[in-house]
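Asks: let me see the structure of the following:
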Amino acid sequence: MKKMMAVIAAAMSVSMLAGGAVTVMAQDEVCVGSMKGPTSMGLVHFMDEADKDREVSYTFDMVTAADELTAKFTTGDFDIALVPANMASILYKKTEGNIQVIDINTLGVLYMVTADDTISSVADLKGKTVYSTGKGQTPEYVLNFLLEANGISKDDVTVEYKSEATEVVSTLAQDESAIGILPQPFATVACKQNENLKEVCDLTKEWDKTGKGTLVTGVTIAKKDYIQENPEIIEDFLDQHESSIEFTQENTAEAADLIAAAGIVEKAPIAQAALPKCNIKYLDGQEMKDALSGYLEVLLEQNPESVGGSLPDDDFYYIEAE
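Replies: Okay, here's the model as predicted:
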């Protein structure tokens, strides 16, 4: 990292000119925030390797609620954050364009879980009560879009939102007739805890049937001024993140152990069972922009406030110049 080495050299020169002892400045420290779930599952190898001797030092902080994640990012507690896709667009508007998406880390992860054998698709939800997380976030907008695509009015389905996925899992355990919308790995956890529960519908496949592009769950963001001041750190992060996601995809048993050790899923076998369904995927550059912009267009049509009132400009997408 030329910029970083130049700063170190300059600091050493000033020290020598002053006649003092030469001291090497501490490693840059980058704080990364994420939510407990699939986005963090793709980070676990990166997290495990973070304490190795590097020019850039990373610390990681997992939270359970999107509001807490965005609040800490906004106040500067996090330099880089893995957030719900639509929340990135909302933050872009709130900060007057001082947000850029640097990668997509997770595609669709939502599943419908129930023991009710009469439920097998979104089309079966008319007149039913559904329990879900994500009020004002991806799960709400995905469900609303899919209800509309299946000719069902939002008024014909009662959706009770919980603050955390674990609350939905608890509701399903107490009432086997209940219907839950859960992200992975929580959908797998619920089914492992109760053999009568089944993943009856993959909402990503339901989305694909509509022909409306790609369902995107999680993206990684940083403030534009931070990116401009630290381009080498951003590129290092992207390299490490891509490698970590590849490790998670290709080494599910080892990744599952790390996921359990990090407390994302209680037991490694459950994590290993969930991983193939978590749609953890690294996309950057133009491929990232094409997937995310298409997804945000769908949300805009459904509810402009879900993306902050209007679509973000092209500078929302971090694309490294060739």
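Asks: CA only for contacts and neighbour counts going forward, please
Replies: OK.
Asks: assign a three-state SS to the residue positioned nearest the centre of the chain, would you?
Replies: Centroid-nearest residue in the chain, with C-alpha atoms, centre = their mean: Gly218, separated by 3.0 Å. Following DSSP: H, G, I helix; E, B strand; the rest coil, Gly218 is assigned to strand.
Asks: wait, it touches Val83, no?
Replies: Yes: judged on C-alpha atoms under 8 Å, Gly218 makes contact with Val83 at a distance of 5.6 Å.
Asks: circling back: which residues does the residue nearest to the centre of the chain bridge with?
Replies: Pro84, Thr106 (DSSP bridges).
Asks: in contact with Val307, which residues?
Replies: Applying C-alpha atoms under 8 Å, 6 or more residues apart in numbering to Val307 gives the contacts Asn86, Met87, Ser89, Ile90, Leu296, Leu299, Leu300.
Asks: how about these in a markdown table, adding secondary structure?
Replies: Listed next are the contacts of Val307 as a markdown table, based on three-state DSSP:
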| residue | secondary structure |
| --- | --- |
| Asn86 | helix |
| Met87 | helix |
| Ser89 | helix |
| Ile90 | helix |
| Leu296 | helix |
| Leu299 | helix |
| Leu300 | helix |
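Asks: farthest pair in those?
Replies: Met87 and Leu300 (12.6 Å; C-alpha to C-alpha).
Asks: which residues are common contacts for the two?
Replies: In contact with both Met87 and Leu300: Ser306, Val307, using C-alpha under 8 Å, 6+ apart.
Asks: please enumerate the strands of the protein.
Replies: For the chain, the strands defined by DSSP state E cover 28-35, 56-63, 80-84, 99-107, 110-114, 129-132, 158-161, 179-183, 198-202, 216-223, 280-283.
Asks: can you redo the ones you listed as a markdown table with distance to Asn150 and mean pLDDT?
Replies: Output for the strands of the chain, formatted as a markdown table (distance: least, C-alpha to C-alpha, whole Å; pLDDT from 0 to 100):
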| stretch | distance to Asn150 | mean pLDDT |
| --- | --- | --- |
| strand 28-35 | 31 | 91 |
| strand 56-63 | 34 | 93 |
| strand 80-84 | 24 | 96 |
| strand 99-107 | 22 | 97 |
| strand 110-114 | 15 | 96 |
| strand 129-132 | 16 | 96 |
| strand 158-161 | 16 | 95 |
| strand 179-183 | 17 | 95 |
| strand 198-202 | 14 | 95 |
| strand 216-223 | 20 | 96 |
| strand 280-283 | 27 | 96 |
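Asks: nearest to Ala261, of those?
Replies: Using C-alpha to C-alpha, the strands of the chain put strand 56-63 closest to Ala261, at 13.2 Å.
Asks: low-confidence stretches in the stretch 201-322 of the chain?
Replies: For the stretch 201-322 of the chain, the stretches with pLDDT under 70 are 321-322.
Asks: show me what contacts Ile179?
Replies: Met112, Val113, Thr114, Ala115, Asp116, Thr129, Val130, Tyr131, Leu172 are the contacts of Ile179 under C-alpha under 8 Å, 6+ apart.
Asks: I figured the second one hits Pro183, correct?
Replies: Pointing back at Val113 there. No: if you go by C-alpha under 8 Å, Val113 and Pro183 don't touch, sitting 10.0 Å apart.
Asks: list the contacts of the residue nearest to the centre of the chain.
Replies: Thr39, Leu82, Val83, Pro84, Ala85, Ile104, Asn105, Thr106, Leu107.
Asks: related to what we said a few turns ago, and the contacts of Ile179, which are buried?
Replies: Met112, Val113, Thr114, Ala115, Thr129, Val130, Tyr131, Leu172 (16 or more other C-alpha atoms under 10 Å).
Asks: tabulate the residues you listed (CSV), appending distance to Ser163.
Replies: Formatted as CSV, the buried ones among the contacts of Ile179 follow (distance: C-alpha to C-alpha, whole Å):
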residue, distance to Ser163
Met112, 17
Val113, 18
Thr114, 19
Ala115, 22
Thr129, 17
Val130, 14
Tyr131, 11
Leu172, 15
